[in-house]
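K.L.:
No letters, just coordinates:
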Ligand code: DX5
Ligand code: ZN
């Protein structure tokens, strides 16, 4: 059984950027735990998203920790600038790196910027590829969609990676290790995500959508989390 708090991490990809500040203030007041910002360079993934200006704007609207999910070809280039903009966790993609040595270089650079290192794995990457890094990082972000776009459907067959990873973190005696799930997390699959062993839930379109205000969406997610923990 997990002793970690189950964290909600809103991703703003589908937020109303014209009202970004109030959208951040609203989820902060609703009790989310961190903000997840998706940085896309148009190379590692086709879309371009935003840069440090948006991270700075988000940081000025909340005291919550900010993580940057670097969907970029060359993470090394961007570590310091996003740390300066306010990120306290940097998530880089294993697939962007040549080998484990280059992963280690990025990890060391993230630590040198006083930020926490995390590695993301895309759907086609096996968890075995990153096991050697586990002792040097604080989080693995398991993508349950193809990175690049919000609003896709979670691929349930990928949850087995989270089950396997959680088993490994307990065998390695890493009780505070974060396993984050990113992609398609919704009220109706939250129980599966938590049961698999995820303790950080990225929620983009579940929070920022046309049907509900972000505050109510966060409250409903928290209720669904509490219900999944009951039984
Ligand atoms: C996609 C991003 C996700 C995305 C999540 O590449 O990494 O963080 O915004 O959005 P939803 O929750 O809508 O799948
Ligand atoms: Zn993301």
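P.N.:
Structure's in. What do you need? Since we're looking at a predicted model, the values are computed, not measured. Ligands and ions are numbered 1, 2, ... in the order given.
K.L.:
Let me know the helix or strand that residue 69 is in.
P.N.:
Using DSSP states H and E, residue 69 falls within strand 66-71.
K.L.:
How about that strand and ligand 2, touching?
P.N.:
Yes. Using C-beta under 5 Å from the ion, strand 66-71 comes into contact with ligand 2 via residue 69. Every residue, glycine included, has its C-beta placed from N, CA and C.
K.L.:
ok, that strand: who's next to it in the sheet?
P.N.:
Within its sheet, and counting by DSSP bridges, strand 66-71 is paired with strand 35-40 (parallel), strand 89-93 (parallel).
K.L.:
And for the longest one, what's in contact with it?
P.N.:
Which is strand 35-40. Contact partners of strand 35-40, identified using C-beta atoms under 8 Å, 6 or more residues apart in numbering, comprise 9-13, 24, 27, 47-51, 54-55, 58, 62, 64-72, 78, 82, 87, 148, 150, 182, 202, 204.
K.L.:
Please spell out the ChimeraX selection for the buried subset of those.
P.N.:
Selection command for ChimeraX covering only the buried members of the contacts of strand 35-40, criterion 16 or more other C-beta atoms under 10 Å:
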select :9,10,11,12,13,24,27,49,50,54,55,58,62,64,65,66,67,68,69,70,71,72,78,82,87,148,150,182,202,204
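K.L.:
Inside helices: which ones of the contacts of strand 35-40?
P.N.:
24, 27, 54, 55, 58, 82 (DSSP state H).
K.L.:
I'd guessed the third one sits against residue 23; true?
P.N.:
The reference is to residue 54. No. Applying C-beta atoms under 8 Å, one finds residue 54 not in contact with residue 23, separated by 11.9 Å.
K.L.:
just to revisit the earlier point, which two of the ones in helices among the contacts of strand 35-40 have the greatest separation?
P.N.:
With C-beta to C-beta as the measure, no two of the ones in helices among the contacts of strand 35-40 lie farther apart than 27 and 82, at 20.2 Å.
K.L.:
Can you report how many residues lie near residue 172?
P.N.:
When neighbours are defined as other C-beta atoms under 10 Å, residue 172 has 12 of them.
K.L.:
what's the closest non-adjacent residue to it?
P.N.:
residue 134 (6.4 Å; C-beta to C-beta, 6 or more residues apart in numbering).
K.L.:
how far away is residue 189 from residue 181?
P.N.:
Separation of residue 189 from residue 181 (C-beta to C-beta, to the nearest Å): 9 Å.
K.L.:
and what of residue 162?
P.N.:
In terms of C-beta to C-beta, residue 162 sits 6 Å off from residue 181.
K.L.:
Compare these two and say which one has the larger neighbour count.
P.N.:
Taking neighbours as other C-beta under 10 Å, residue 162 and residue 181 compare with residue 181 leading, 30 against 24.
K.L.:
For the helix ranked longest in the chain, which residues meet the burial criterion?
P.N.:
Across the chain, the longest stretch assigned as helix under DSSP H is helix 214-230. By neighbour count on 16+ other C-beta under 10 Å, the buried set for helix 214-230 is 214, 217, 218, 221, 222, 224, 225.
K.L.:
That one close to ligand 1?
P.N.:
No. Against ligand 1, helix 214-230 shows no contacts by C-beta under 6 Å from any ligand atom, the least distance being 10.9 Å.
K.L.:
next one: that helix to chain centre, how far?
P.N.:
Distance of helix 214-230 from the chain centroid (C-alpha atoms, centre = their mean, to the nearest Å) equals 18 Å.
K.L.:
Many thanks, have a good one.
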